[in-house]
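>>> no FASTA, just this:
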C-alpha cells in the first residue's frame, strides 16, 4: 500500500514545530548521505569483554535448554515460521525476499526504497523479521548450552552473508531505526553467546566488515532518531540497541558519546512511554512486553560494562514488571489490547516458552517478586542469562503495591476478577499515545472476558499493518471489538493505517474492586464522547455469588443507528436462538458452558468468517487469522436507551 498525498498531509498536521524542524533536518541529511558512505574509523586492539559470568549457562534449566536445542535443530534444517508463513529456505536465505507475496525488495539507496508499497517491495514485515537476527541468537544460545560448533558455524555463515548483501545505506534493511536497534542488540548477544567458540573474535572484533557494519548502524541511529509523534516503542528500541552496542562494542572514537546519548534517550523515553502505574502508554499490551524486554536488555549491557544507569530507568522497569504481574490472568496471559506484531527485544528461547512467564521470572530475579504476584511454573533460558548480568536492584525502599492492583486510573484499565478464574478487562483509557495514536484501536469501553484463561469475549488482535487496508481497518475498528457502535462508524476517526485524526475521549466514572471471591460484586463504569453529541456509557458488574457478568450500555443523544457486538473466542461454540446464546467449550478435557442473554430491544444475528466486509475474525498472532463467531445486535436509539447483557457462567462440568 502506497501512502497518498492526503495521508502525508494528515500526518504532517499531527506534528509540532520542533518535530517538523527535526524531520526537515533528517531530509537534508539523507540527501547528503546519498554519496558513498565513509569507512568506519581504524580500530586496533578491539576486544569483547562483556562475557557471561561463570556458571550463567550452567544455570539454564534442562527443559528450557531442551526446547532451545529442538528449535535450533529446526533452524539448522532451514525451517522457521514468521507471521504465519512457513519458510524452508533458511539454510541460505535471500535477505530481500518476501515468501508471502513472492516479491523481492529493490536495491538502491536505502531512503529511496518505497518500503510501504507492497506491490513494489513485498510484505515488509516478512522481509525485515529474519534480519532482526533473533533466530541467530537462538542458534548462538544453542551453541552456548551444548558446545556444538555446528550452531556457531551457521551463525557465522549467515552474518557474513547478511553483511555482504547489505552494505551500509543500501537496500531495505537500512530504512527503519527499530530494525537497526534490535539487530544491534542481537549482534551483542550473538557475540556473547559465541564467546567459547574459537572463531568468535575473527567474526566480530577482528573482522573489519563486522566493525564497519556495527559502526554504521550506530552512526545511523545517532543521526535519525524517531521524533515527536513517532517517539513510541521505536525510539526505545533505537536507544536500547545503541546503548547496548556502545557498551559491548565500545571500540570507536564516538562510542562514549553514543553510549551517553543513548542512555539519556532511553531514560527520557522509557518515562515518556510509561504511565506512573507502570502500564505502557500505547495501551497495546504486546508493546508493553517489547519495551520491558528492551529496557532490561539495555540495563544488562550497561551493568556488564560497569556503566552507570539512571535510577529512573530501573524504577520504570520495576513499575512495568509489577503492572504486568497485576494484569495477567491465571494462565499468565495479559490483555490483548491495541496493536500487536509479535515483536521481541531479545530471543534466546525455543518454541513453547511462555513469553509472559519468562518476563515475570526475569522480574523476580532482577527486582524480587511480591507476595501477590502469580506463581510462575515454567522455565526459560533468558532469565538466568540476563540475571547474571544485571546488578541486584538496590532501591529496596521504593514503594511497590502492597496488594494486587485492579484499577490503573492513568491508563483507564480495570481488571475485574471472579470465581473459577473469571477475568474481565474493562477499557476506559486514553485513545493511544502521542498525537497519532499509531497503535491504538477504536475500542473505547470494550471488554475482554476469559474463563480459566479461555477467551470467551475476545479482543480481535491485529493481523496486519500494510498491504491489506480493509483488514487493517476491521481489526482496529469499533465493530471489531466488544463495544457499541453508532451509525456504522468508528468512535475515533482514522487518517490511515497508523494515524488517528480524532480521538474518542473516555473517562472512568466509578470503580469498585472491593468485592471478594465467593461474595459481593465488583464493578466498573465509564463513558466516552466519540459519537458526540451522543454519549455512550457502560457499566460492568461481576457478581461472584452468581458467577454473572452484567453489561449495561446506555446511549444518550439524538436518534442513532446502533450495533452492539460480542466476539466469541476461537474455542467457543455458540447456539443463538432469539436473543439468547448458549456457549460451550472444553478446557483441559472438561466441558464448560455459559449463557449469554442479549438485549431484547436489538435484533441479533451470528456472523462467522465473513470477508465482504470482514466480520467474525480473530488474530492469534501477527499475520494469522481464523474465523470466530461474532454476535451483532442492531436497532436504533433515540433519547436515552439502555441495553442489558448478562453472561452467566455455569459450574464446571455443567
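Received it, and whenever you're ready, just let me know what you need. The structure presented is a predicted model; accordingly, all values stated were derived computationally and were not measured.
>>> and the closest residue to residue 547 other than its chain neighbours, how many residues sit next to it?
Excluding its sequence neighbours, the residue lying closest to residue 547 (C-beta to C-beta, 6 or more residues apart in numbering) is residue 649, at 4.3 Å. For the C-beta atoms, the positions are set from N, CA and C on the backbone; glycine is no exception. By other C-beta atoms under 10 Å, the residues close to residue 649 number 23.
>>> Repeat that for residue 461.
Neighbours of residue 461 using other C-beta under 10 Å come to 23.
>>> let's number from 713 now, not from 1
OK, 713 is where the count begins now, so the last one is residue 1173.
>>> Wait, a helix at residue 1106?
No - according to DSSP: H, G, I helix; E, B strand; the rest coil, the state of residue 1106 is coil, so it is not within a helix.
>>> per-residue pLDDT, it?
Looking at residue 1106, its pLDDT stands at 73.
>>> residues in contact with residue 1283?
By C-beta atoms under 8 Å, 6 or more residues apart in numbering, the contact set of residue 1283 is 1166, 1167, 1297, 1298.
>>> Okay, and the last one sits in which element?
When you say that, I think you mean residue 1298. Here residue 1298, judged by DSSP states H and E, is contained in strand 1292-1299.
>>> so where's the longest helix in the chain?
For the chain, the longest helix by residue count, based on DSSP state H, is helix 997-1017.
>>> next helix or strand past that helix?
helix 1023-1039.
>>> so how far is that next one from its chain's centroid?
16 Å (C-alpha atoms, centre = their mean, to the nearest Å).
>>> Now do the same contact list for residue 793.
residue 799.
>>> quick one: the helices in the stretch 1163-1312 of the chain?
Here the stretch 1163-1312 of the chain has its helices, by DSSP state H, counting those that start in this stretch, at 1181-1187.
>>> Any stretches of the stretch 1263-1366 of the chain with poor pLDDT?
1363-1366 (pLDDT under 70).
>>> picking that back up, pretty sure the residue nearest to residue 1259 is touching residue 1133, no?
No - taking contacts as C-beta atoms under 8 Å, residue 1361 lies outside contact range of residue 1133: 10.1 Å.
>>> Need the residues touching each of those two.
residue 1163.
>>> And the helices in the stretch 763-912 of the chain?
Assigned by DSSP H, counting those that start in this stretch, the helices in the stretch 763-912 of the chain fall at 774-788, 830-833, 836-840, 846-858, 861-877, 889-905, 912-915.
>>> Sketch out the low-pLDDT regions of the protein for me.
Checking the chain against pLDDT under 70 turns up 713-717, 719-720, 1107-1109, 1227-1231, 1363-1366.
>>> Need the residue closest to the centroid of it.
residue 998 (2.5 Å; C-alpha atoms, centre = their mean).
>>> Can you classify the residue lying closest to that residue once chain neighbours are set aside as helix, strand or coil?
Spatial nearest neighbour of residue 998, excluding adjacent residues (C-beta to C-beta, 6+ apart): residue 1052 at 3.7 Å. Using three-state DSSP, the structure places residue 1052 in coil.
>>> again with residue 918
Assigned by three-state DSSP, the conformation of residue 918 is coil.
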